[in-house]
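Q: sequence unknown, structure follows:
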Ligand code: M6R
């Protein structure tokens, strides 16, 4: 069943190009700049939305944060993201104009279900973004959109994160086009990035040997810090979560600019810093933070896009390990995340951890 892979997690990491093709299949008309995600949100309703609130836990929460950045920047709808267990409905005078989006792979996470119930009781419209047909969340929300990633067995969410972000990007384009706030040109550009995703992710997977080498080199470090800005920030949080979950090492994700406000005190030669330097993540500003940690002797592993010329790596001359990310615009941080997945996997594998079943964790958390 693991198709020759040692763990489901590794199999699922490698399944991402296929999962992404399924996610987007038949949903994009790149020329027209439109999407069809089989969601029954009437145009008048979409027009009347005043705020979007995303609720989710763990990795799904980070997918939600990625999407919220996109929604705010390209769609121009006020969007908030909350950890489901902290959520309290806070809508305007007309709660129905608040769209509450639950992101959940399993559709059974108790914290997320209870957040949705609170929103419904207050009169909000609810929408689920999930991988699981027939799940509780599908029954309890007004609308649902499926991410179509296929079954995920490993406790660590991998391919579902990619498919969630891709689906939420399509949702953002749908909402933006319906409201008239997203231009045809920008919609086409975003859809073009979505279309490029499967091949771009494959190009990263093809560099697994290099990532394994790097993971082995740094596996015994004291701690690992992941940094990024904007769309790179949720990816930093996700990279750190993946690593701590399966390797049991100390890992933290920070907004790159926050390093100097505290975490820098922890940075030494023994704390590799994994930095996102791609489109959509303000790479030039992050380079300043890279210099700060290098001055303290920390090795820097960069997932890097290219500068305007399409050739020179943004990490050129700055990072110790340069992992190239293919050009995919606003989705470059998502593609870069695949490097962090492989890194986490190989660090954990090097340490002989039970990767598919990390201690104390369950695939689906059905208690609050
Ligand atoms: O099924 P869900 O997407 O609602 O699950 C949410 C989290 O429990 C889940 O993403 C968890 O953080 C993963 N184990 C992370 O790899």
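A: On my side now, so go ahead. All of these numbers come straight from a predicted model, not from anything done at the bench.

Q: Going by neighbour count, list what's buried in stretch 307-315.
A: Residues of stretch 307-315 classed as buried by neighbour count (16 or more other C-beta atoms under 10 Å): 313-315. Just so you know, the C-beta spots here come from the backbone N, C-alpha and C atoms, and that holds for glycine as well.

Q: can you check stretch 162-180 too?
A: Buried residues in stretch 162-180, counted by 16+ other C-beta under 10 Å: 162-179.

Q: Repeat that for stretch 66-80.
A: 66-71, 74-75, 77, 79.

Q: now stretch 284-301
A: 286-287, 289-290, 292-294, 298-301.

Q: I'd like the residues you listed as JSON lines, with secondary structure, pLDDT and distance to the ligand appended.
A: Listed next are the buried residues of stretch 284-301 as JSON lines, based on DSSP: H, G, I helix; E, B strand; the rest coil; pLDDT from 0 to 100; distance: C-beta to the nearest ligand atom, whole Å:
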{"residue": "286", "secondary structure": "helix", "pLDDT": "97", "distance to the ligand": "25"}
{"residue": "287", "secondary structure": "helix", "pLDDT": "96", "distance to the ligand": "29"}
{"residue": "289", "secondary structure": "helix", "pLDDT": "96", "distance to the ligand": "26"}
{"residue": "290", "secondary structure": "helix", "pLDDT": "96", "distance to the ligand": "27"}
{"residue": "292", "secondary structure": "helix", "pLDDT": "95", "distance to the ligand": "29"}
{"residue": "293", "secondary structure": "helix", "pLDDT": "96", "distance to the ligand": "26"}
{"residue": "294", "secondary structure": "helix", "pLDDT": "95", "distance to the ligand": "30"}
{"residue": "298", "secondary structure": "coil", "pLDDT": "97", "distance to the ligand": "26"}
{"residue": "299", "secondary structure": "coil", "pLDDT": "98", "distance to the ligand": "25"}
{"residue": "300", "secondary structure": "strand", "pLDDT": "98", "distance to the ligand": "25"}
{"residue": "301", "secondary structure": "strand", "pLDDT": "98", "distance to the ligand": "21"}
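
Q: got CSV for the buried residues of stretch 66-80, with pLDDT, secondary structure and distance to residue 269 too?
A: As requested, the buried residues of stretch 66-80 are exported to CSV (pLDDT from 0 to 100; DSSP: H, G, I helix; E, B strand; the rest coil; distance: C-beta to C-beta, whole Å):
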residue, pLDDT, secondary structure, distance to residue 269
66, 97, helix, 32
67, 95, helix, 37
68, 95, helix, 36
69, 93, helix, 33
70, 90, helix, 37
71, 89, helix, 40
74, 79, helix, 40
75, 82, helix, 43
77, 90, coil, 45
79, 95, strand, 40
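
Q: hmm, back to that, of the buried residues of stretch 307-315, closest to residue 124?
A: Nearest to residue 124 among the buried residues of stretch 307-315: residue 314, at 40.9 Å, using C-beta to C-beta.

Q: quick one: contacts for the closest one?
A: By C-beta atoms under 8 Å, 6 or more residues apart in numbering, the contact set of residue 314 is 277-278, 283-284, 287, 302, 304-307.

Q: So for it, what's the pLDDT?
A: The score at residue 314 is 91. That number is its pLDDT.

Q: before we move on, the earlier item: give me the subset of the buried residues of stretch 307-315 that also touch the ligand.
A: On the criterion C-beta under 6 Å from any ligand atom, none of the entries of the buried residues of stretch 307-315 sits beside the ligand.
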